[in-house]
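Asker: what's the 3D shape of this:
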Amino acid sequence: MEMNKKPWPISTSYGYRSKIDTNPDYQRPAVWSTAQKQLLMDTILRGYDIPKLYLRQVSKNPTQYEVVDGQQRLRAIWSFMANEFRIPKGTDSIDGVDISEMRYDDLPFDIRGEFDVYPLDVVVISDSEEEEVREMFLRLQNGTTLKAQEKRNAMPGQMRDFVKALTNHNIFTTSVKFKNSRYTHDHVSAQLTLIELCGGPTNVKDRDLNKMYEDNIVFDSSGRKAHKIKRVLDYLFLMFPEKTPELERYNLISLYILVSDLIEKFDITGKELQIRDWFLSFEQFRKENFRLPEDQANSEIITYHEKISHSTDAIDSIQWRHDYLIRKLFEAVPDIEQRDDQRIFTHEQRLAIYRRDNGNCQLKLRCNGIHCDWDYWHADHIVPWSRGGKTTVKNGQVACPDCNLTKGSTSG
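Answerer: Residues are numbered from 1 along each chain as shown. Just a heads-up that it's a prediction; the model follows:
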């Protein structure tokens, strides 16, 4: 990697703007406020020094560059020269000339000329490898206000590339409510990837995501886990083929875990719209319930709201939301069948059956519908499994052990 210092007049940088990519994929998008841009213009107009700009030469014929460091400054300069903002009101005069509220074209000829020839301290990098440039970017940004995902976006490695590619999936480009401001889509796709790698709910805080990137510099984007992630996202897009206001960040994470779990254990082919309609109805119920006085609101909804309002990236919150949502799904869509023809109800099915029946025995062969403790009851097939009854919540019921054993002894 070679570096050469070259003083470029501002007018040269403006003339070269079509040759300079200010947003290579490791860069963060433009985030400066107008006030920050105005301060930089004031600094230049007064002849004060500004930090170096680092450009990587990516081709010689034709000459093309990408910005390694300084894109916010370059964008601000070019924006001012395009008359897109003014010098702020009340700015001190320069050499007795009031420049307050002036655009670039309004500046007096002499002052505009001084601005045009102001020398930008440019370092041109050539003969460089991608990983070298990414490493330099991170070092140059050390101590600035880069968000954690912006730093991860600049990390080298196949995990970074895989996460970046996921953001092009239709679920992100079409369906979700949240925008990709400062790599929010990358952040969420990284969280979904970590959840899948861990096989279910886990902590998805920044330190956990950083470790995933570091531990998976080599990652098979065509491997089993990668294929599963894409498969779940495909299913989610079948559920939500258009922009959906309910698809907040925390909801996408919960729905991803829900679908990932269901795909492994249950046959949900063709149930995309049923699951979508259940979720949208649930969201409406949740919002209506939350507006009620606390003494009238559903206690589980209050807890759920807490879980989506605080520590949403912690395993306890994610696990609670998953357990609650999958139970509510089975209550609303009780005919979901297990992928294999199994006789034993899953934990999720048992919980949905128990809650639906309030824990009370439905057989009533030896009792009057007594209440069963969670640790002492049987999940009974209403239509016996031996006679073709499905292992679904719809075909399940709570039975006390005495009644279920009596049924078993008489059903033959």
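
Asker: which SSE is immediately downstream of the worst-scoring helix or strand of the chain on mean pLDDT?
Answerer: For the chain, using mean pLDDT, DSSP states H and E, the weakest element among its helices and strands is helix 130-141, scoring a mean of 69. Sequence-wise, the next helix or strand beyond helix 130-141 is helix 148-153, with elements assigned using DSSP states H and E.

Asker: average model confidence for that next one?
Answerer: Confidence over helix 148-153, taken as the mean pLDDT, stands at 82.

Asker: what's the first helix or strand after it?
Answerer: Scanning the chain past helix 148-153 towards its C-terminal end, the next helix or strand to appear is helix 158-166 (assignment: DSSP H and E).

Asker: can you list contacts of the helix or strand just after that following helix?
Answerer: Using DSSP H and E, the helix or strand that follows helix 158-166 towards the C-terminus is helix 170. Counting by Cβ atoms under 8 Å, 6 or more residues apart in numbering, helix 170 makes contact with Leu233, Phe237, Pro241, all of which sit outside it. Using the backbone N, CA and C atoms, a C-beta is placed for each residue, glycine as well.

Asker: helix or strand: which one has the first one?
Answerer: Put plainly, it is Leu233. Using DSSP H and E, Leu233 falls within helix 224-239.

Asker: packing partners for the very next helix or strand once past that helix?
Answerer: Tracing the chain past helix 224-239, the next element assigned as helix or strand by DSSP H and E is helix 249-265. Packing partners of helix 249-265 (3 or more Cβ pairs under 8 Å, 6 or more residues apart in numbering; DSSP states H and E): helix 184-198, helix 224-239, helix 272-290, helix 315-332.

Asker: next, the buried residues of the first one.
Answerer: When you say that, I think you mean helix 184-198. Residues of helix 184-198 classed as buried by neighbour count (16 or more other Cβ atoms under 10 Å): 184-197.

Asker: what's the farthest-apart pair in the residues you listed?
Answerer: Greatest spacing in the buried residues of helix 184-198, by Cβ to Cβ: Thr184 and Leu197 (20.5 Å).

Asker: pLDDT weak spots in the stretch 301-412 of the chain?
Answerer: For the stretch 301-412 of the chain, applying pLDDT under 70 flags the ranges 409-412.

Asker: can you give me the strands in it?
Answerer: In the stretch 301-412 of the chain, strands defined by DSSP state E, counting those that start in this stretch lie at 337-338, 378-381, 396-399, listed in chain order.

Asker: where does pLDDT dip in the stretch 101-250 of the chain?
Answerer: For the stretch 101-250 of the chain, the stretches flagged by pLDDT under 70 are 129-132, 135, 139, 141-146.

Asker: if we use 50, what do you get?
Answerer: The stretch 101-250 of the chain contains no residues with pLDDT under 50.

Asker: how close does Tyr324 sit to Ile353?
Answerer: Distance of Tyr324 to Ile353, given as Cβ to Cβ, to the nearest Å: 16 Å.

Asker: more neighbours, the two?
Answerer: Higher neighbour count among Tyr324 and Ile353: Ile353, with 27 against 18, using other Cβ atoms under 10 Å.

Asker: so who does that one touch?
Answerer: With contact taken as Cβ under 8 Å, 6+ apart, Ile353 is in contact with Phe345, Ala379, Val393, Gly396, Gln397, Val398.

Asker: just Phe115 next, same as before
Answerer: The contact partners of Phe115, by Cβ under 8 Å, 6+ apart, come to Ile10, Ile44, Leu45, Tyr104, Leu107.

Asker: pick the one among those closest to Asp335.
Answerer: Comparing those against Asp335 with Cβ to Cβ picks out Tyr104 as the nearest, at 67.0 Å.

Asker: got the end-to-end distance for stretch 164-182?
Answerer: Start and end residues of stretch 164-182 are separated by 13 Å (Cα to Cα, to the nearest Å).

Asker: ugh, typo on my part, it should be stretch 257-272
Answerer: End-to-end distance for stretch 257-272, by Cα to Cα: 15 Å.

Asker: likewise for stretch 65-78?
Answerer: Using Cα to Cα, the end-to-end distance of stretch 65-78 comes out at 16 Å.

Asker: go on, stretch 264-276?
Answerer: The straight-line separation of the ends of stretch 264-276 (Cα to Cα) is 19 Å.

Asker: again with stretch 298-317
Answerer: Using Cα to Cα, the gap from the first to the last residue of stretch 298-317 comes to 18 Å.

Asker: top of the contacts of helix 170 by number of neighbours, please.
Answerer: In terms of neighbour count, Leu233 stands highest of these at 22 neighbours, by other Cβ under 10 Å.

Asker: so that residue is in contact with Thr173, correct?
Answerer: No - counting by Cβ atoms under 8 Å, Leu233 does not reach Thr173; the two are 11.2 Å apart.

Asker: let me see the domain layout of the chain.
Answerer: Segmentation of the chain into domains, based on automatic domain parsing, reads 2-144, 151-332, 341-410.

Asker: quick one: distance of the shortest one to the chain centre.
Answerer: Averaged C-alpha coordinates place domain 341-410 at 40 Å from its chain's average position (Cα atoms, centre = their mean, to the nearest Å).

Asker: now swap in stretch 203-212 and tell me
Answerer: The gap between where stretch 203-212 is centred and where its chain is centred comes out at 13 Å by Cα atoms, centre = their mean.

Asker: other residues contacting that stretch?
Answerer: Contacts with stretch 203-212, where a contact means Cβ under 8 Å, 6+ apart, come from 148-149, 152, 159, 187, 190-191, 193-195, 197, 202, 253, 313-315, 318.

Asker: try 10 Å
Answerer: Applying Cβ atoms under 10 Å, 6 or more residues apart in numbering, the set of residues contacting stretch 203-212 from outside is 147-149, 151-152, 155, 159, 163, 186-188, 190-195, 197-198, 202, 219, 253, 311-318.

Asker: what of stretch 358-367?
Answerer: Under the criterion Cβ under 10 Å, 6+ apart, residues 353-354, 356, 368-374, 377-378, 380, 382, 396-407, 410 lie in contact with stretch 358-367.
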